[in-house]
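*Asks:* Just need the structure, nothing else, for what follows:
(one chain, ligands or ions: 1)
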Amino acid sequence: MNTDPNAPIGVFDSGIGGLTVAREIMRNLPAEKIVYFGDTARVPYGSKSRETVLRFSRQIIRFLLEQEVKAIVIACNTASSFALDAVRQEFSLPILGVIDAGTIVAAKETRNGRIGVIGTEGTIRSRIHEIFLKKLNPNVTVYGRPCPLFVPLVEEGWTHDPITREIAVRYLGELKEKDIDTLILGCTHYPLLRTLIQEVMGEHVRLVNPAYETSLELKSLLADNGLIRQGTDREEFPYRFFVSDLAEKFTMFANTILPYDVSMTQKIDIEKY
Ligand code: DGL
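*Replies:* Predicted structure coming up:
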């Protein structure tokens, strides 16, 4: 384990979705260096089995360790649902997922105790948000709804397309009938559809994007381990981006999402790890 506070933080997702988490880390921990990996060759994770997602997660963690990261954020709900417990036991560095941050906020925010969760098929099938929420408050009722087409639509850049709206209306219709007052965006791609989801659900439903709280959780995790980076001279170490495919497309996307100028993304062979 790298115990040097100057070392970077590794952040990974199946594709571009984790950039919504990286964005919050950049805003709230501006001195920290980041190495991001997007598994663009193997996205989506949401329709794959636990074993496969666990194998992918292990490979990515081995790659990030080679980059000498001091901590890792699994910026993907599907990989957090399927792999977090296992990899925490297998690797000795601090590893954070994105599930508990969102559930803590949702449990606090709900007034009528009716909480919706949208995510990939894998995440919703695992019922992990429901398990966490029930531990926080056994009286809440949780309604999960997989929205499998959202990820390819986001990866395609169709965030403001009439087709995406029609699909959102169909997916979210049944949640609207459940009278939920809080909705967890349980997939890191979904904040990129936030405006649309809010319009479809109505203003009275509070949308929870776990990215912000995850960045705060990361801050305390680093502090607890004596790993907070001091100083502000991160400029000499630009954020670094790696993918398993389509590096240029990723660079283009990253520049629309991040408050940072991404000049290049490197493609690596993740199957080697
Ligand atoms: N962004 C990911 C998540 O949070 C996964 C999307 C996918 O690859 O299916 O679940």
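
*Asks:* And the lowest-mean-pLDDT helix or strand in the chain, how far out from the chain middle?
*Replies:* One helix or strand of the chain scores below all others by mean pLDDT, DSSP states H and E: helix 150-155, with a mean of 92. Here the centre of mass of C-alpha atoms in helix 150-155, compared against the chain's by C-alpha atoms, centre = their mean, to the nearest Å, lies 14 Å away.

*Asks:* can you pull out the strands in this protein?
*Replies:* Assigned by DSSP state E, the strands in the chain fall at 9-13, 34-38, 71-74, 95-96, 114-119, 141-146, 182-185, 206-208, 240-243, 266-267.

*Asks:* can you list contacts of the second one?
*Replies:* Strand 34-38 is contacted by residues 8-16, 18-19, 22, 25-26, 60, 63-64, 67, 69, 239-244, 250, 270 when judged by C-beta atoms under 8 Å, 6 or more residues apart in numbering. (Each C-beta comes from the backbone N, C-alpha and C, glycine too.)

*Asks:* anything in that strand sitting right up against the ligand?
*Replies:* No: figure legend: strand 34-38 not in contact with the ligand (C-beta under 6 Å from any ligand atom); closest approach 9.6 Å.

*Asks:* any idea of the mean pLDDT for stretch 77-86?
*Replies:* The pLDDT scores in stretch 77-86 average 97.

*Asks:* residues from the stretch 51-200 of the chain in reach of the ligand?
*Replies:* Checking the stretch 51-200 of the chain against the ligand by C-beta under 6 Å from any ligand atom, the hits are 76, 77, 78, 119, 120, 123, 151, 187, 188, 189.

*Asks:* same thing but 8 Å
*Replies:* 75-81, 98, 119-120, 122-123, 148, 151, 186-190 (C-beta under 8 Å from any ligand atom).

*Asks:* In helices, which of these appear?
*Replies:* Among those, the members falling in helices (DSSP state H) are 77, 78, 79, 80, 81, 122, 123, 151.

*Asks:* can you redo the residues you listed as a markdown table with distance to residue 207?
*Replies:* Output for those, formatted as a markdown table (distance: C-beta to C-beta, whole Å):
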| residue | distance to residue 207 |
| --- | --- |
| 77 | 15 |
| 78 | 19 |
| 79 | 22 |
| 80 | 19 |
| 81 | 20 |
| 122 | 21 |
| 123 | 16 |
| 151 | 17 |
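
*Asks:* List the buried residues in stretch 234-250.
*Replies:* In terms of neighbour count (16 or more other C-beta atoms under 10 Å), stretch 234-250 has its buried residues at 234, 239, 240, 241, 242, 243, 244, 245, 246, 247, 250.

*Asks:* count of residues packed around the residue lying closest to residue 71 once chain neighbours are set aside?
*Replies:* Distance criterion C-beta to C-beta, 6 or more residues apart in numbering; nearest residue to residue 71, sequence neighbours excluded, is residue 94 at 4.4 Å. Each residue near residue 94 was counted by other C-beta atoms under 10 Å, and the total is 18.

*Asks:* what does residue 154 give?
*Replies:* 23.

*Asks:* And for residue 78?
*Replies:* Neighbour tally, residue 78, other C-beta under 10 Å: 34.

*Asks:* got the contact list for it?
*Replies:* By C-beta under 8 Å, 6+ apart, the neighbours of residue 78 are 14, 45, 46, 48, 53, 119, 120, 122, 123, 187.

*Asks:* before we move on, back to that, save the buried residues of stretch 234-250 as JSON lines, and put in pLDDT and distance to residue 207 too.
*Replies:* What follows is the buried residues of stretch 234-250, written out as JSON lines (pLDDT from 0 to 100; distance: C-beta to C-beta, whole Å):
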{"residue": "234", "pLDDT": "70", "distance to residue 207": "31"}
{"residue": "239", "pLDDT": "94", "distance to residue 207": "27"}
{"residue": "240", "pLDDT": "96", "distance to residue 207": "31"}
{"residue": "241", "pLDDT": "97", "distance to residue 207": "27"}
{"residue": "242", "pLDDT": "98", "distance to residue 207": "30"}
{"residue": "243", "pLDDT": "98", "distance to residue 207": "28"}
{"residue": "244", "pLDDT": "98", "distance to residue 207": "30"}
{"residue": "245", "pLDDT": "96", "distance to residue 207": "31"}
{"residue": "246", "pLDDT": "95", "distance to residue 207": "29"}
{"residue": "247", "pLDDT": "97", "distance to residue 207": "31"}
{"residue": "250", "pLDDT": "95", "distance to residue 207": "26"}
